[in-house]
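In: Show me how the following folds:
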Amino acid sequence: MAGPSASRPRRGSRPRGRGRHLGVRALVAVAVLALAVFSVVFLARRAERAAPELPVADPLETVRGAAARFGCSPDRVTVERTEEAGAPLFVVTVHAPRSLPVEPFVLELEARAHNLGGRLDAAGLTEKGGYGLARLEGRVGTAKWRVLVLGEEPPPRRPAPEPVPMRGPSGARLAIVLDDAGESIDVVREVERLPAAVAVAVLPNAARSAEVARSLGAQGRELLLHMPMEPLGNHGPGPGEGAVEVGLSDREIGARVERALDVVRGAAGVNNHMGSRATADRASMRPVMEVLKARGLFFLDSRTTPESVAEAVARETGLPALHRDVFLDVVSEPDAIRHALSQAVARAQAQGFAVAIGHVHLPTIDTLASELPRLADSVRLVRPSQLVRRP
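Out: Numbering: from 1, shown residues only. This is a model prediction of the structure:
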């Protein structure tokens, strides 16, 4: 007769049927998981079908629509498509009329981008003031948008010329001026990497203006006085001490220009730093030009406002003068600088010569150092004085 322990299962053994129960539970768990995954996918697809499809955004029409609300005509808004990091980049330029209310216009652009499922944010500009009014960057759909709001008249309507290789003295000529030198002596070493024809404009009221001017002159480089002038109010930094301001007497304006020239010794010419208000005022420009004429200098109008009369007043005074055609680094990024440089070359080929203005910033200097040698067959680099003193 078996003892009581005979009816108990041996240690380590499974009761009959337990394996079957575990297999059933596993199958149920898999079925539940599959049902859950199916439900999630089904609901997600249903939500996609239910969500309203966003329209494919046309950057030109979007910005033109916003501009029209503020009285800006469609011909003042242009677009160019390029590539950046393998993705499409649309650069929309608004040549703003003087009446354009910039802040409400920027808010309108931000709202329209949001309604399209994208986003535009305000970004920095190099040439601020009367010329550079606003810049927005962001993505709408799969494309990157950059909107530049510039205080200038749109260029004349004509097809953009294809770059045509030119050589010799009969070819297109390009003058380049780099502004805002004077704060640091380091810029002298950086600029030395560029061809000697690239001119530099030195501020008279910076920390090391006189020293920088002497060192650049020792390179055999053409110097300009970057004369501070009063801008329109733009809630940004002003032109600094000693600027030409509207309402000053002729004697005081002349004295300020004389003092500035005494700091930036050896300057062959003068161009304006800021000045979107002062250069639009004939009364302020006449005493400036009288001083320059007496010293045998030339004037380069930086054209920080389409309202500028500075070049016209210079010519009326009998002073050699010219104006800026392209700003190289409104957006201080290599791709944008390269694009602006190609525009300057195209402008030079279309009209025989052009003037491009940039700044003594490392991205600009680095880009010019790499790009200028490649342009030798397309354009001839000259000093600014060679354009105003030609026969």
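In: where does the chain have low pLDDT?
Out: Within the chain, the stretches with pLDDT under 70 are 1-56, 157-170, 234-236, 389-391.
In: For the spatially most central residue of it, give its distance to residue 187.
Out: Centroid-nearest residue in the chain: residue 331, 1.8 Å away (criterion: C-alpha atoms, centre = their mean). For residue 331, the distance to residue 187 equals 20 Å [C-beta to C-beta, to the nearest Å]. Where C-beta positions appear, they are placed from N, C-alpha and C, glycine not excepted.
In: Kindly report the same for residue 291.
Out: 27 Å.
In: Of the two, which one has the most company?
Out: Between residue 291 and residue 187, residue 187 has the larger neighbour count (other C-beta atoms under 10 Å), namely 24 against 19.
In: Just list what whichever strand or helix holds that one packs against, helices and strands only.
Out: Assigned by DSSP states H and E, residue 187 belongs to helix 186-191. When contacts are defined as 3 or more C-beta pairs under 8 Å, 6 or more residues apart in numbering; DSSP states H and E, helix 186-191 packs onto strand 173-181, helix 209-218, helix 362-371.
In: Provide a list of residues in contact with residue 319.
Out: Contacts for residue 319 (C-beta atoms under 8 Å, 6 or more residues apart in numbering) come out as 289, 292-293, 297-299.
In: Mind doing that once more with 6 Å?
Out: When contacts are counted by C-beta atoms under 6 Å, 6 or more residues apart in numbering, residue 319 touches 289, 292-293, 299.
In: which residues does residue 120 form a beta bridge with?
Out: residue 138 (DSSP bridges).
In: So it sits against residue 138, correct?
Out: Yes. In this structure, residue 120 is within contact of residue 138 by C-beta atoms under 6 Å, at 3.9 Å.
In: So which residues make contact with stretch 104-119?
Out: 54, 57, 62, 66, 70, 120, 134, 136, 138-140.
In: same thing but at 7 Å, please
Out: 54-55, 57, 62-63, 66, 69-70, 120, 122, 134, 136, 138-141, 147, 149 (C-beta atoms under 7 Å, 6 or more residues apart in numbering).
In: Filter those residues down to the ones in helices?
Out: Residues of the contacts of stretch 104-119 located in helices (DSSP state H): 62-63, 66.
In: quick one: buried residues of stretch 365-380?
Out: For stretch 365-380, burial by neighbour count (16 or more other C-beta atoms under 10 Å) applies to 365, 367-368, 372, 375, 378-380.
In: meant to ask about stretch 64-80, not that
Out: By neighbour count on 16+ other C-beta under 10 Å, the buried set for stretch 64-80 is 64, 66-67, 72, 76-79.
In: can you map out the helices along the chain?
Out: Assigned helices in the chain, in chain order: 18-50, 59-68, 102-115, 186-191, 209-218, 250-263, 282-295, 310-316, 334-351, 362-371, 384-388 (criterion: DSSP H).
In: sorry, back to before: now render the buried residues of stretch 64-80 as TSV, adding distance to residue 388.
Out: As requested, these are exported to TSV (distance: C-beta to C-beta, whole Å):
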residue	distance to residue 388
64	38
66	40
67	36
72	34
76	30
77	33
78	30
79	34
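In: so which of these comes closest to residue 261?
Out: Nearest to residue 261 among the buried residues of stretch 64-80 is residue 76, at 37.7 Å by C-beta to C-beta.
In: Please give me every residue in contact with the closest one.
Out: Contacts of residue 76 by C-beta under 7 Å, 6+ apart are 67, 94-95, 97, 154.
In: got it, and residue 133?
Out: Contacts of residue 133 by C-beta under 7 Å, 6+ apart are 96, 102, 149-151.
In: Between those, identify the one with the most neighbours.
Out: Highest neighbour count within the contacts of residue 133: residue 151, with 26 neighbours (other C-beta under 10 Å).
In: my read: residue 179 touches residue 359, true?
Out: Yes. The criterion here is C-beta atoms under 7 Å, and residue 179 meets it with residue 359 at 5.2 Å.
In: Between the two, tell me which one has more neighbours.
Out: Higher neighbour count among residue 179 and residue 359: residue 179, with 27 against 22, using other C-beta under 10 Å.
In: contacting residues around the more buried one?
Out: 201, 226, 273, 357, 359.
In: Report how many residues lie close to the second one.
Out: Right, the one you point to is residue 226. Residues near residue 226, counting by other C-beta under 10 Å, number 31.
In: which residue sits closest to it in space, ignoring its chain neighbours?
Out: Closest residue to residue 226 apart from its sequence neighbours, by C-beta to C-beta, 6 or more residues apart in numbering: residue 201 at 3.7 Å.
In: now that neighbour: how far from residue 180?
Out: For residue 201, the distance to residue 180 - C-beta to C-beta - is 7 Å.
In: Identify the contacts common to those two.
Out: Residues touching both residue 201 and residue 180 (C-beta under 7 Å, 6+ apart): residue 226.
In: Kindly state the beta-bridge partners for residue 224.
Out: Going by DSSP bridges, residue 224 forms beta bridges with residue 201, residue 269.
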